[in-house]
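1. Sequence and predicted structure below; questions after.
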Amino acid sequence: QVQLVESGGGLVQAGGSLRLSCAASTRTLIDYAMGWFRQAPGLEREFVAAIRWSGDSTNYVDSVKGRFTISGDNAKNTVYLQMNSLKFEDTAVYFCAAKRTYKLPMSAGEYDIWGRGTQVTVSS
């Protein structure tokens, strides 16, 4: 079973940047899609970005387009989420997820492997 561990969260001022990392426990992820989701208190888990592990396609929620970038490093079995121009409303717990598929899912229900999450807090 693949395990995912997120890191890189923290407290940052509005307008600042953070880079989240998601380390996978296996090297056999070439046929997986990797996603980042976030969940703020009292709200449902929200899709943020996704990438095919092969890196040939990505997708983003409209609210982060132009500010966030998802990327992968095959050699390190790690997926990143570079977050720039952070806003107060980006505050949430960010989760990494994986699904063995050749599609690019944007729904939390389509992913079956999850990390524990990392807290991102943006102060206004």
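-> Structure's in. What do you need? Numbering: from 1, shown residues only.
2. From now on I want contacts and neighbour counts done on CA atoms only, so please keep to that.
-> Fine.
3. ok but Glu6 is inside a strand, no?
-> Yes: under DSSP: H, G, I helix; E, B strand; the rest coil, Glu6 falls within a strand.
4. count of neighbours near it?
-> 23 (other CA atoms under 10 Å).
5. Quick check: closest non-adjacent residue to it.
-> Excluding the flanking residues, the one nearest Glu6 by CA to CA, 6 or more residues apart in numbering is Cys22, at 4.4 Å.
6. Which residues are in contact with the one you found?
-> Leu4, Val5, Glu6, Ser7, Thr78, Val79, Tyr80, Cys96 (CA atoms under 8 Å, 6 or more residues apart in numbering).
7. so what pLDDT did the residue nearest the centre of the chain get?
-> In the chain, the centroid-proximal residue (CA atoms, centre = their mean) is Trp36; its distance is 2.3 Å. For Trp36, the pLDDT comes out at 98.
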